[in-house]
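Novice: Structure, please.
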Amino acid sequence: MIGRLRGVILHKQPPFLLLDVNGVGYEIEAPMSTFYVLPEGDEAITLHTHLSVREDAHVLYGFAREADRTLFRALLKVSGVGGKMALGVLSGMTAEEFSQAVQAADHAALTRLPGVGKKTAERLVVEMRDKLDAVGAVTTTGGTASRPDAPPAGADQDAVSALIALGYKPPEASRMVSKVFEEGMETEAIIRAALKGTAK
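Specialist: Residues are numbered from 1 along each chain as shown. Reported below is the predicted structural model:
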């Protein structure tokens with residue numbers, strides 16, 4: 001089991017990133033809460049990881065905070081929740097907001113997350129209530145998003161692709177991005193604004 005990796009980011013395209021660890025490149029899927037706090041340049045980072053072994057693939061997930069990984073693992077134990085949906089949960093709201101939604105049985109807030117329907121929201125409330133104490137009080141800090149001199153080419157399209165990868169349908173992802181996109185925004189900032197808009 002790979003539990004932690006430290007290295008330098010070679011490439012990032014939410015929700016995927018490539019981490020160079022002593023010359024070995026690890027392909028990792030991460031929630032947007034992790035992308036928001038990633039450093040720029042060649043600064044080394046440490047990611048807490050979870051390796052999912054399936055018949056058709058081995059998928060490595062990475063998290064900036066160990067508490068996020070703990071919540072991710074708890075979500076995987078909920079009936080009908082897989083890695084993609086768990087990433088969507090951690091991308092669509094902070095762990096603190098998720099905890100509040102579960103405790104308040106706020107099904108409406110949960111169904112705004114990608115891939116979460118009414119039945120899944122009900123299961124999350126029932127099955128996660130008891131697990132939240134074990135997970136602990138998890139909060140997600142925003143971090144400071146860096147602003148490059150010029151935004152990446154096609155940052156809006158990259159944001160749409162990332163939202164689709166998180167589970168949103170293409171028309172919905174395009175609509176979310178078009179509502180918040182402004183010239184000069186970078187991909188992570190677009191995604192953050194789009195997800196915040198959906199949560200309202």
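
Novice: residues of the longest helix anywhere in the chain that come out buried?
Specialist: Secondary structure of the chain read by DSSP state H shows that its longest helix is helix 187-199. By neighbour count on 16 or more other Cβ atoms under 10 Å, the buried set for helix 187-199 is 187, 188, 189, 190, 191, 192, 193, 194, 195, 198. For the C-beta atoms, the positions are set from N, CA and C on the backbone; glycine is no exception.

Novice: ok, and what's touching it?
Specialist: Helix 187-199 is contacted from outside by 14, 32, 35-36, 91-93, 97, 109, 112, 145, 151-152, 155-156, 158-159, 162-163, 173, 176-177, 179-181, 185, using Cβ atoms under 8 Å, 6 or more residues apart in numbering.

Novice: Take that helix, keep the C-alpha atoms, and write them as PDB.
Specialist: Extracted as PDB, the C-alpha positions of helix 187-199 are listed here (Å, rounded to 0.1, in the frame of the first residue of the first chain):
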ATOM      1  CA  THR A 187      -8.300  26.900 -14.200                       C
ATOM      2  CA  GLU A 188      -8.400  26.300 -10.500                       C
ATOM      3  CA  ALA A 189     -10.000  29.700  -9.900                       C
ATOM      4  CA  ILE A 190     -12.700  29.000 -12.500                       C
ATOM      5  CA  ILE A 191     -13.400  25.600 -10.900                       C
ATOM      6  CA  ARG A 192     -13.600  27.000  -7.400                       C
ATOM      7  CA  ALA A 193     -16.000  29.700  -8.500                       C
ATOM      8  CA  ALA A 194     -18.100  27.300 -10.500                       C
ATOM      9  CA  LEU A 195     -18.400  24.900  -7.500                       C
ATOM     10  CA  LYS A 196     -19.200  27.700  -5.100                       C
ATOM     11  CA  GLY A 197     -22.000  28.900  -7.500                       C
ATOM     12  CA  THR A 198     -23.500  25.400  -7.500                       C
ATOM     13  CA  ALA A 199     -23.500  25.200  -3.700                       C
END
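
Novice: Averaged pLDDT, it. What do you get?
Specialist: On average, the pLDDT along helix 187-199 is 84.

Novice: how far does it sit from the chain's center?
Specialist: Relative to its chain's centre, helix 187-199 lies at 12 Å (Cα atoms, centre = their mean, to the nearest Å).
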